[in-house]
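S.K.: what follows is a predicted structure for the sequence shown.
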Amino acid sequence: MADARNQTGVSEFILLGFSDHPQVQLILFVAFASAYAAALLGNVSIITVICSQPGLHTPMYFFLVNLSLLDIGCVTSTVPQMLTNLLAQKKAISFQGCLAQMYFFSAFLATELLLLTEYILLAVMSYDRYVAICFPLHYGTIMSRKICILLVICSWIGGFLAVFIPTAMKSGLPFCGPNIINHFFCDSAPLLHLACSDIRLIELVDFLVSASVALGTLLPTVVSYLCILATIMKIPSTKGRIKAFSTCSSHFTIITIGYGTSMFIYVRPSQDHFMSLNKVASLMTTVVTPMLNPFIFSLRNQQVKEALRDSIAKCFPLQRTPGCDLRIVLKNIFD
């Protein structure tokens, strides 16, 4: 990246956030801190359970571990700074810190389809489900350990590399004031519109990249699910069809939320007139989705629920007395 100190007269930016009223800020702090803690606890728990249970060492859960890592990276790149600003008198972030936050948010979440590693990975997961349902006898060969690792590595590298060039272009822009960003973190669009130079080329690059990634991940996902749907409809038993639909429902839920929100925020030629709406919609990708993913993907999955119950029971053993079996208590809670 270009040396930011020689390219700008602005040394820091002010993040407006959602409100400057002290009582509202306190309520928001408690809410976002709770959501952040839930996201971390949920995703770390899923990673720990899957890694510690040999029965869950399958392609689907391997992708799920990487999804949880991406959720942790996404929420950690934005929420701690937001929480700090909610308690601070001066809601500032340095120029270099702003660029770093924008880069890592864009790399982990890949700017919600504008370079979104998480949904490239989810598109790979849809391929995983397609193979499992449509070609069950060849599943072990097609989704081998080597192929799974290669797909995940390509997703991570592709997301980080795709974000680098647009971020480098933005780091070379001159910023001579004002320095107030109408957002709760350093997102691309509000930062671009503070530059005191022509930003049309960078806006075009952002749009083309986001549109390319959106089509590149959405199209294979749609095709895969059409194949899955066609296969499910051929299953003779109603119970079998319901079980197959349940296998894919959580992934479909995340796709609907993620693609809908991301396309609204990023896949537009210019975003200058929607900054306030973008700020609210961004909560879905920065806070809500990372918090809900562990529940959507895991607590609706019987294997993960059983593994989680066993792990908790091992960590907190209780003396077995009549009516006091921790596994039974946990089963009642989760079921």
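M.R.: That came through, no problem.

S.K.: for stretch 16-24, what is the average pLDDT?
M.R.: Average pLDDT, stretch 16-24: 84.

S.K.: again, but for stretch 48-58
M.R.: For stretch 48-58, mean pLDDT rounds to 83.

S.K.: ditto for stretch 175-187
M.R.: Across stretch 175-187, pLDDT averages out at 86.

S.K.: and stretch 260-269, by the same measure?
M.R.: 66.

S.K.: equivalent analysis for stretch 238-246, please.
M.R.: Here the average pLDDT along stretch 238-246 is 72.

S.K.: am I right that L194 falls within a strand?
M.R.: No. Looking at L194 with DSSP: H, G, I helix; E, B strand; the rest coil, it is coil, so not inside a strand.

S.K.: which residues are in contact with the spatially most central residue of the chain?
M.R.: Nearest to the geometric centre of the chain sits D71, at 4.5 Å (CA atoms, centre = their mean). Listed by CB atoms under 8 Å, 6 or more residues apart in numbering, the contact set of D71 reads 39, 43, 118, 289-290, 293-294. All C-beta atoms are positioned from the backbone trio N, CA, C, and that covers glycine.

S.K.: going by distance to L215, which of those residues wins?
M.R.: Nearest to L215, judged by CB to CB, of the contacts of D71 is E118 at 16.6 Å.

S.K.: low pLDDT regions in the stretch 51-200 of the chain?
M.R.: 109-133, 135-143 (pLDDT under 70).

S.K.: could you pull out the helices for the stretch 101-250 of the chain?
M.R.: Listed in chain order, the helices found in the stretch 101-250 of the chain under DSSP state H, counting those that start in this stretch are 117-134, 139-142, 145-171, 188-192, 200-233, 238-266.

S.K.: and the longest one, what does it pack against?
M.R.: If I follow you right, that is helix 200-233. helix 117-134, helix 145-171, helix 188-192, helix 238-266 (3 or more CB pairs under 8 Å, 6 or more residues apart in numbering; DSSP states H and E).

S.K.: any chance of the contacts of D71 in CSV, plus secondary structure?
M.R.: Listed next are the contacts of D71 as CSV, based on three-state DSSP:
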residue, secondary structure
A39, helix
N43, helix
E118, helix
T289, helix
P290, helix
N293, helix
P294, helix
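
S.K.: ok, so of those, who is nearest D198?
M.R.: Nearest to D198 among those is E118, at 31.7 Å by CB to CB.

S.K.: quick check: the closest residue to Q53 other than its chain neighbours vs L67, distance?
M.R.: Leaving aside its sequence neighbours, Q53 sits nearest to A307 (CB to CB, 6 or more residues apart in numbering; 4.4 Å). To L67, A307 is 17 Å away according to CB to CB, to the nearest Å.

S.K.: swap in L219?
M.R.: L219 is 20 Å from L67, by CB to CB.

S.K.: those two: who's more crowded?
M.R.: L67 (24 against 11; other CB atoms under 10 Å).

S.K.: part of a helix, is the more buried one?
M.R.: Yes. L67 sits within a helix when classified using three-state DSSP.

S.K.: what's A92 sitting at in phi/psi?
M.R.: In terms of degrees, to the nearest 10, the main-chain angles of A92 are phi -110, psi 150.

S.K.: from K234, how far out is it?
M.R.: On the measure of CB to CB, A92 and K234 end up 60 Å apart.

S.K.: of the two, who's got more company?
M.R.: Shown here are A92 and K234; by other CB under 10 Å, A92 has more neighbours (16 against 8).

S.K.: my read: the more buried one touches V10, true?
M.R.: No. Counting by CB atoms under 8 Å, A92 stays clear of V10, with 11.0 Å between them.

S.K.: which residue, other than its chain neighbours, is closest to G42?
M.R.: P294 (3.2 Å).

S.K.: ok, now how distant is the one you found from V75?
M.R.: Per CB to CB, P294 is found 12 Å from V75.

S.K.: equivalent analysis for P190, please.
M.R.: As judged by CB to CB, P190 and V75 stand 20 Å apart.

S.K.: between the two, who's got more neighbours?
M.R.: Using other CB under 10 Å as the criterion, P190 and V75 rank with V75 on top: 27 against 21.

S.K.: so what's the more buried one up against?
M.R.: Per CB under 8 Å, 6+ apart, neighbours of V75: 36, 39-40, 286-287, 290-291.
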